[in-house]
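# What follows is a predicted structure for the sequence shown.
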Amino acid sequence: MACNAFRQSMEEYLEGSLPGAQRTSLEAHLQTCSSCQQTLAQAQKLGGSISGMMGRTTGILALRPDIEANILSAANSDMHLDPHGKMMKLFEKMSFRERFSRMLHGLKQPKESGEYKWAALQLRRMISPISAVVVPSLALLLMVALAGMAPRRQQVVNVRIVEDQHIPELEEPIDIPEPEIQPPDPEHIVEPMDNFIPSTSKTAVGPDVDFSPQPAQFDSVAIIRSPVVMRGIFGSRSPGARGSMLGRFGGGGHTEGAVLRALRWLKKHQEEDGSWTLMSGGGTAEMRHTRAPAGSPVGITGLGLLAFLAHGETPASPEFGRTVEGAMRYLQETMDSGGNFPRNTVDGRKNYSQIIAAYALSEAYGMTRIPTLGRSAETAIRAVIGRQKANGGFDYDRENAPDRLDISVTAWAAQAFKAAQMANLNIPELDRVMERTIEAMKLCYRPRGGYGAFSYRASGGVPDNRWWGLTGAAVLGLQLMGQSQMEETRQGMQWLVHNTDFNWENPSRNLNGNPIYNWYYITQAMFHEGGETWRNWNKQFSHSLVKNQTVVPNAIADLSGKMVDIGYWQPAADSEWSQSFSYNTTLCALQLMVYYRYLPTFQTPEQIAAEAAANNEPPPRVVEARDLDIDIQL
């Protein structure tokens, strides 16, 4: 018998209704076919489970006739399947639709029934995933609905319509006429000639120059911030600011004319290498005092450069640019890598020239911002700092007694340090150096004449009892370093007011026989004191100094090619420390530029601007160094 025939007859065999011959044939096949044996065993097991369940159900549950019929019908329908198919049907999964239909049907059944319990279990299993989708969707729909129901906020902007307003035209500036100053008849006028060496006789004041107190276009000067007193200190040197400052502090065309004549004289007598010497322009190299300042070409060149810088001249200046550049080159090329300059060729002293040259380089860098000048200035100032003594002061030479200081040399150091500070040189220790310099100056102070004065020098912390005229040097140095209100400064200023004057024909004996050098300090100190003190001094010094300038007419061509005058100063006394015309001319010219060389220490830039506004005058214009256009390689 084949396996297919056996499987078709297996149901009758199990029921016992298979005829005998077929039954014998089937059993014989089973003896040899393991596959049919396995199929028969599975059919017998399935049949036994169903029969047992039917027996228990009938005996225990007493099934309703309709349920029993359904079970029998399902069993009969499966009977047409082969035993393998019946077994696989037990593991088939219901579709979602079948499961859902059966669940709905089961929920209608009694709660004690198995169908109800199965349906409740399926319902709980279906609720979780449905809730994960439905609940967020409902929440989102609710938020959208609420947002649509919210009222829109309206923004209201108030607008005010302004009618056109007529702006009145500015009034024309009022020209303030310069007071006319009638110079006295000249004693004599020096005529120009080839290889001219001027005589030592004095002449009267030269003609005034046209000079407007109204600001002109700024073209050459940088403003440099100073952290101590004089912020914006170089701005007053610009062409327009010079006119404003001259008018405010008592200068004018007569003083500015003398300054221009002096600068043109220095330009004409500058050496080919850019320097000035004691013999440049005439006079003698004789030094009445072996310790006179600026005896070497380095020192005289430093003073000459300071004179041009004080007037706001730079290498970019049309008339004096080459002169300024030549002096800068000379100082840079003369300095060694350590910032040191050659010794004074007159008397072997070197600190005066060293300090004055460092002073000039610092101010030159502050006004031009030429990088090579900045490096040279820093190196030179550091060399000066290296010569500061333990007591904070300076002397003619570092090799002198360690506890000795000279107030004159120390005053030049104070000016150099202030210029370095204004130029913002990269010297971190500079503030401490200036503090020590202040303490050193105080060592030369002592009460005198009901006030207080500064002696020429101090040794071992004790001031000498002589040369009190150098009180001006100490007072100026302290003012520049921010100590205008210090007790020693105040008392020293009172001593100057009551014991000095500016009398060219008969200098005060308190000036130690060296009037021009002492006046250089005193004039600046009086200016920084300001007020009535300055006004009284200005009445004495400006007209006298202009009057005693020696004028050489038609000696040099100006920018337009016109021949113009030049001028210089001879010594005010035979006892003057130096008989050199170049030396005395630089010091006198610097005095006449005091009106605008620095902002006065008794006023801040804000106070000056407020005063100018009150007088309907424009304040000095403030510009930055980057506004300059200087095309020069040093």
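Looks like it arrived, so ask away. Worth saying up front: this structure is predicted, and the values here are computed from it rather than measured. Numbers count the residues shown, from 1 in each chain.

# Count the residues that sit near the closest residue in space to Ala414 that isn't next to it in sequence.
In space, and not counting its chain neighbours, Ala414 is closest to Gly477: 3.4 Å by CB to CB, 6 or more residues apart in numbering. Placement of C-beta: from N, CA and C, glycine included. Gly477 has 29 neighbouring residues, counting by other CB atoms under 10 Å.

# same thing with the one 5 residues further on?
Here the neighbour count serves as a burial measure; for Gly482 (other CB under 10 Å) it reads 18.

# In terms of helices and strands, where is it?
Here Gly482 is covered by no helix or strand, with elements defined by DSSP states H and E.

# What average pLDDT does the strand of greatest length in the chain get?
Ranked by number of residues, the top strand in the chain under DSSP state E is strand 550-557. Averaging pLDDT along strand 550-557 gives 96.

# same thing with stretch 418-426?
Averaged across stretch 418-426, the pLDDT comes to 93.

# From here on, call the first residue 44.
In the new count, where the first residue is 44, that last one comes out as stretch 461-469.

# Return the alpha-carbon coordinates of it using CSV.
What follows is stretch 461-469, C-alpha atoms only, in CSV (Å, rounded to 0.1, in the frame of the first residue of the first chain):
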residue,chain,number,x,y,z
LYS,A,461,58.1,113.2,31.3
ALA,A,462,58.7,113.2,27.5
ALA,A,463,59.2,109.4,27.6
GLN,A,464,56.0,109.0,29.6
MET,A,465,54.0,111.2,27.2
ALA,A,466,55.3,109.1,24.3
ASN,A,467,54.2,105.9,26.0
LEU,A,468,57.6,104.3,25.7
ASN,A,469,57.7,100.7,26.8
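
# Show me what counts as buried in that stretch.
461-468 (16 or more other CB atoms under 10 Å).

# What's the separation between Met465 and Gly495?
28 Å (CB to CB, to the nearest Å).

# next one: Met322
Relative to Gly495, and taking CB to CB, Met322 is found at 40 Å.

# who's in contact with whatever helix or strand the residue nearest to Ala457 lives in?
Gly520 is part of helix 514-523, with elements assigned from DSSP H and E. Under the criterion CB atoms under 8 Å, 6 or more residues apart in numbering, residues 272, 450-451, 453-454, 456-458, 461, 480-481, 484, 487-488, 496-497, 527, 529, 531-532, 535-536, 538-539, 543, 561-562, 564-565, 567-568, 571, 644 lie in contact with helix 514-523.

# In helices only, show me the residues you listed.
Assigned to helices by DSSP state H, the following of the contacts of helix 514-523 qualify: 450-451, 453-454, 456-458, 461, 480-481, 484, 531-532, 535-536, 538-539, 561-562, 564-565, 567-568, 571.

# Enumerate the positions of stretch 73-87 that are buried.
73, 76, 79, 82-83, 86.

# Then stretch 497-509?
497-501, 506.

# By mean pLDDT, point me to the weakest helix or strand of this protein.
helix 108-121 (a mean of 45; mean pLDDT, DSSP states H and E).

# Let's see the ChimeraX selection covering just the buried ones among the contacts of helix 514-523.
Here is the ChimeraX command that selects the buried residues among the contacts of helix 514-523 (16+ other CB under 10 Å):
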select :272,450,451,453,454,456,457,458,461,480,481,484,487,488,496,497,527,529,531,532,535,536,538,539,543,561,562,564,565,567,568,571,644
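
# Next, the contact list for Cys631, please.
With CB under 8 Å, 6+ apart, Cys631 has these contacts: 305, 559, 588, 592, 612.

# Run through this protein and note the low-pLDDT ranges.
44-45, 87-136, 193-279, 283, 327-338, 386-393, 441-443, 642-655, 657-677 (pLDDT under 70).

# Domain ranges for it, per the record?
Domain assignment for the chain by automatic domain parsing gives 46-135, 137-174, 278-670.

# Just tell me which of the ones you listed ends up closest to Ala182.
domain 137-174 (11.7 Å; CB to CB).

# right, and Leu473 touches Ala463 too?
Yes: with contacts counted by CB atoms under 8 Å, Leu473 reaches Ala463, the gap being 6.1 Å.

# Pull up the overlap in contacts between the two.
When contacts are counted by CB under 8 Å, 6+ apart, Leu473 and Ala463 are jointly contacted by Ile424.

# residue ranges for the helices of the stretch 244-393 of the chain, please.
282-292, 296-311, 340-353, 364-377 (DSSP state H, counting those that start in this stretch).

# hey, which of the ones you listed is tucked in deepest?
Mean neighbours per residue, mean count of other CB atoms under 10 Å, is largest over those for helix 340-353, with a mean of 27.

# Name the single longest helix found in the chain.
Looking across the chain with DSSP H, the single longest helix is helix 157-192.

# So which elements touch that helix?
helix 139-150 (3 or more CB pairs under 8 Å, 6 or more residues apart in numbering; DSSP states H and E).

# ok, back up a step: just flag the most distant two among the contacts of Cys631.
Distance extremes for the contacts of Cys631: the farthest pair is Ala305 and Ile559 at 13.1 Å, using CB to CB.

# what touches both of the two?
The contact sets of Ala305 and Ile559 overlap at 612, 631 (CB under 8 Å, 6+ apart).

# show me where the stretch 344-493 of the chain has strands.
447-449, 488-491 (DSSP state E, counting those that start in this stretch).

# buried sites along the longest one?
I take that to be strand 488-491. Within strand 488-491, the residues that count as buried by 16+ other CB under 10 Å are 488-489, 491.

# That strand - contacts with which helices or strands?
The contact analysis (3+ CB pairs under 8 Å, 6+ apart) places strand 488-491 against strand 494-497, helix 530-542.

# and with 7 Å instead?
strand 494-497 (3 or more CB pairs under 7 Å, 6 or more residues apart in numbering; DSSP states H and E).

# same thing with the first one?
If you count contacts as 3+ CB pairs under 7 Å, 6+ apart, strand 447-449 packs onto strand 500-502.

# what's next to the strand it packs on, contact-wise?
Residues from elsewhere that reach strand 500-502 (CB atoms under 7 Å, 6 or more residues apart in numbering): 444, 446-450, 486-487, 507.

# out of the residues you listed, which one sits closest to Glu158?
Leu486 (119.3 Å).

# shouldn't that closest one be in contact with Gly503?
No: if you go by CB atoms under 7 Å, Leu486 and Gly503 don't touch, sitting 9.2 Å apart.
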